[in-house]
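Peer 1: Give me a 3D structure for the following:
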Amino acid sequence: MFVVAHNGARIWGGAERATAVLLAGLQRRGHRVLLLCNDAGVARRAAALGVPTELLPLGGDAMLPHAFRLARRLRRLRPDAFVVGTYKKLFLAALGARLARVPRIVARVGLETDTPRSAKYRFALPRWVDAVVVNARRIRPAFADLPGFAADRVVVIHNGVEMPVPRAPHGSVRAALGIAPDAPVVGAVARLARQKRLDRLLRAISIIPDLHCILAGDGEERAALESLAAELGIAARVHFLGHRDDTGDVLDALDVFVLSSDREGLSNAMLEALAAGVPVVSTPVSGAEDALEPFADGTAPGEIAGFSEDEIAAALHRLLRDPERRAAMEDAARRRAAERFGMDAMLERWEAVLAGRTPPEAP
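Peer 2: Numbering: from 1, shown residues only. Next up, the predicted model:
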């Protein structure tokens with residue numbers, strides 16, 4: 001099978017990485033893949049994962065010539081399936097693929113706010129899209145209930161995750177930051193963007209004395225977050241690492257991973273934390289229920305708190321003072337990552353959807 005996808009983002013975020021990981025996985029399973037990109041930086045990051053890339057920008061919905069250009073390229077490529085990887089580009093991307101008569105057009109939706117609210121999506125989805133893949137159960141109804149779009153055309157496929165293996169000896173990140181081995185440490189691996197609401201996490205940190213926070217990632221909010229940490233009097237306890245490729249080593253330094261976002265789909269960083277056996281405290285965003293719901297025996301990989309810093313702080317305080325519960329969560333986290341978010345299961349379900357078959361049951 002030859003699968004072409006388009007990504008219309010200008011930054012490398014979780015959705016971009018998820019699309020590239022999907023294509024890389026399909027390629028490992030013997031399929032031919034190509035990622036068309038709006039941005040050279042996104043193309044470089046995808047290429048580093050072994051994904052063939054090509055620049056083919058799509059502008060706003062008024063740029064119909066871009067859809068025609070995409071159609072011409074797809075006619076030459078003749079893929080078996082086309083994946084729309086950026087929801088905001090769905091109108092032009094799906095139109096171009098339909099004009100090119102691509103046999104199978106699939107939209108990948110990975111953010112809970114990406115719903116068919118406007119007329120353009122309600123028009124395009126039933127006419128030009130064969131299937132929608134969402135990565136969290138809570139996102140599904142917005143598409144399954146769309147008039148003219150049968151519910152069986154909407155499939156939940158959770159993101160797949162691989163264990164982020166530490167490169168350095170245990171405790172290396174803590175030692176480099178001057179954090180004592182027995183000090184409580186929480187943190188996140190995330191773009192420092194407004195959507196992630198890391199200001200909320202910092203305010204929660206200020207409520208708990210002696211608690212350290214590690215933030216791995218970079219973005220436009222870094223200066224504001226550093227200023228807030230100073231204003232809250234916790235600058236010495238908040239460690240900004242910038243972009244890191246050694247995710248396994250960063251997670252090794254944490255007692256609890258925190259997802260403080262206002263909106264998400266299914267956070268790849270949260271799944272990596274689970275795979276590494278790090279308990280999670282999350283705001284009640286889409287995807288948190290899929291990842292953190294308790295097992296039948298009552299154990300859970302984490303806890304869903306509210307959106308306020310007080311609620312996040314209370315959840316952190318409960319976990320940090322209860323090492324036995326935290327140890328049970330560590331085991332549950334690894335189990336959940338293996339059973340529900342395995343890479344092979346994700347790829348098998350995607351292969352079925354791209355080929356027009358009924359996918360295996362979701363774990």
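Peer 1: all strands for the stretch 1-150 of the chain, in order.
Peer 2: 2-7, 32-37, 53-55, 81-84, 105-109, 131-134 (DSSP state E, counting those that start in this stretch).
Peer 1: out of those strands, deepest packed?
Peer 2: Ranked by average neighbour count under the criterion mean count of other CB atoms under 10 Å, the strands of the stretch 1-150 of the chain are headed by strand 81-84 at a mean of 28. Using the backbone N, CA and C atoms, a C-beta is placed for each residue, glycine as well.
Peer 1: any chance of the strands of the stretch 1-150 of the chain in CSV, with distance to Ala327 too?
Peer 2: Converted to CSV, the strands of the stretch 1-150 of the chain look like this (distance: least, CB to CB, whole Å):
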stretch, distance to Ala327
strand 2-7, 40
strand 32-37, 41
strand 53-55, 43
strand 81-84, 40
strand 105-109, 36
strand 131-134, 33
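Peer 1: will you turn these into JSON lines that also has mean pLDDT?
Peer 2: Shown next, in JSON lines, are those (pLDDT from 0 to 100):
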{"stretch": "strand 2-7", "mean pLDDT": "98"}
{"stretch": "strand 32-37", "mean pLDDT": "98"}
{"stretch": "strand 53-55", "mean pLDDT": "97"}
{"stretch": "strand 81-84", "mean pLDDT": "98"}
{"stretch": "strand 105-109", "mean pLDDT": "97"}
{"stretch": "strand 131-134", "mean pLDDT": "96"}
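Peer 1: For Arg318, find the nearest of those strands.
Peer 2: Judged by CB to CB, the one of the strands of the stretch 1-150 of the chain that comes nearest to Arg318 is strand 131-134, at 31.3 Å.
Peer 1: neighbours of Ile207, just the number please.
Peer 2: Residues lying near Ile207 (other CB atoms under 10 Å) number 16.
Peer 1: for it, what are its contacts?
Peer 2: By CB atoms under 8 Å, 6 or more residues apart in numbering, Ile207 lies in contact with 309-310, 313.
Peer 1: quick one, strands of the stretch 251-363 of the chain?
Peer 2: Counting by DSSP E, counting those that start in this stretch, the strands of the stretch 251-363 of the chain are 256-259, 280-282, 302-304.
Peer 1: how long is stretch 214-234 end to end?
Peer 2: 12 Å (CA to CA, to the nearest Å).
Peer 1: Check stretch 83-101 too.
Peer 2: So stretch 83-101: terminal residues 14 Å apart, CA to CA.
Peer 1: swap in stretch 114-123?
Peer 2: 15 Å.
Peer 1: Report the mean confidence score over it.
Peer 2: What stretch 114-123 shows for mean pLDDT is 88.
Peer 1: now swap in stretch 342-349 and tell me
Peer 2: On average, stretch 342-349 scores 95.
Peer 1: got the CA coordinates for that stretch in PDB?
Peer 2: Provided in PDB are the C-alpha atoms of stretch 342-349 (Å, rounded to 0.1, in the frame of the first residue of the first chain):
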ATOM      1  CA  GLY A 342       1.100  -0.600  21.900                       C
ATOM      2  CA  MET A 343       2.600   0.400  18.500                       C
ATOM      3  CA  ASP A 344       1.700  -2.800  16.700                       C
ATOM      4  CA  ALA A 345      -2.000  -2.600  17.700                       C
ATOM      5  CA  MET A 346      -2.100   1.000  16.500                       C
ATOM      6  CA  LEU A 347      -0.500   0.200  13.200                       C
ATOM      7  CA  GLU A 348      -2.800  -2.800  12.600                       C
ATOM      8  CA  ARG A 349      -5.900  -0.700  13.100                       C
END
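Peer 1: May I see the buried residues of it?
Peer 2: 342, 345-347, 349 (16 or more other CB atoms under 10 Å).
Peer 1: Please apply the same query to stretch 328-335.
Peer 2: 328-330, 332-334.
Peer 1: so how far is it off the chain centroid?
Peer 2: Distance, stretch centre to chain centre, for stretch 328-335: 20 Å (CA atoms, centre = their mean, to the nearest Å).
Peer 1: Identify the residues contacting that stretch?
Peer 2: In contact with stretch 328-335 (CB under 8 Å, 6+ apart) are residues 273-280, 295, 299-302, 319.
Peer 1: where does this structure have low pLDDT?
Peer 2: 363 (pLDDT under 70).
Peer 1: Where do the domain boundaries of it fall?
Peer 2: What automatic domain parsing lists as the domains of the chain is 2-160+342-355, 172-340.
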